[in-house]
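> Return a 3D structure for these sequence lines:
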Amino acid sequence: MKLIEENRPRILKVCRVYAWNAADRDDLYQEILFQIWRALPGLKQDTHANTWLYRIAINTSISFVRRRAARGGPALALNHEQLTHHIESRQTRDDGAEEQLAQLYAAIARLNEVEKALVTLFLEDFSYDEMAEVLGLSASHVGVMLHRAKKKLLTLMQEAARE
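Numbering: from 1, shown residues only. Okay, here's the model as predicted:
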């Protein structure tokens, strides 16, 4: 389907934010595709398809994480020790941009579910109104929450740089 193919990189980015290892990302990606397929008959012509797709991807990701946690399964996000190991393994490479990206994803993994969603949408250049539509919040509340998430992310990045 064209909509899914066009948005595949964005869906994969959501998966990377909510699921760190490849097996969990694959499971989550499949779950998102299944939920999109199930919801497709309800897609209205006047709906912004990308926003609709993001809403499904983020809601499915949050549900996926909660189901795993409720079953006592492994957490999808890395714990602090795994994050440190991942960052240190990346530091052996000379590519500073790759190291910064790894640190960013590690910091994002430590945010709560809504903050992860906000940061992901922000990085995809969604407007406050679009973020509000995806998350079911007011645009002004999105602005406040995004500001707090950015401050928290900055603090996490600074802590990681000191370690």
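
> How far away from the center of its chain is the host helix or strand of V114?
According to DSSP states H and E, V114 maps onto helix 113-123. Put simply, helix 113-123 sits 6 Å off its chain's centre (Cα atoms, centre = their mean, to the nearest Å).

> C-alpha coordinates for it, PDB please?
Coordinates of each C-alpha in helix 113-123 appear next as PDB, following Å, rounded to 0.1, in the frame of the first residue of the first chain:
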ATOM      1  CA  GLU A 113       5.700   7.400  26.700                       C
ATOM      2  CA  VAL A 114       4.000  10.700  26.000                       C
ATOM      3  CA  GLU A 115       7.400  12.600  26.000                       C
ATOM      4  CA  LYS A 116       8.700  10.000  23.500                       C
ATOM      5  CA  ALA A 117       5.800  10.600  21.200                       C
ATOM      6  CA  LEU A 118       6.100  14.300  21.400                       C
ATOM      7  CA  VAL A 119       9.900  14.300  20.600                       C
ATOM      8  CA  THR A 120       9.400  11.800  17.800                       C
ATOM      9  CA  LEU A 121       6.700  14.000  16.200                       C
ATOM     10  CA  PHE A 122       8.800  17.100  16.800                       C
ATOM     11  CA  LEU A 123      11.800  15.500  15.000                       C
END
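
> which strands and helices sit next to the longest helix seen in the chain?
Looking across the chain with DSSP state H, the single longest helix is helix 139-162. With contacts defined as 3 or more Cβ pairs under 8 Å, 6 or more residues apart in numbering; DSSP states H and E, the packing partners of helix 139-162 are helix 96-109, helix 113-123, helix 128-135. Every residue, glycine included, has its C-beta placed from N, CA and C.

> That helix: which residues count as buried?
Using 16 or more other Cβ atoms under 10 Å as the test for burial, helix 139-162 gives 142, 145-146, 149, 152-153, 156-157, 160.
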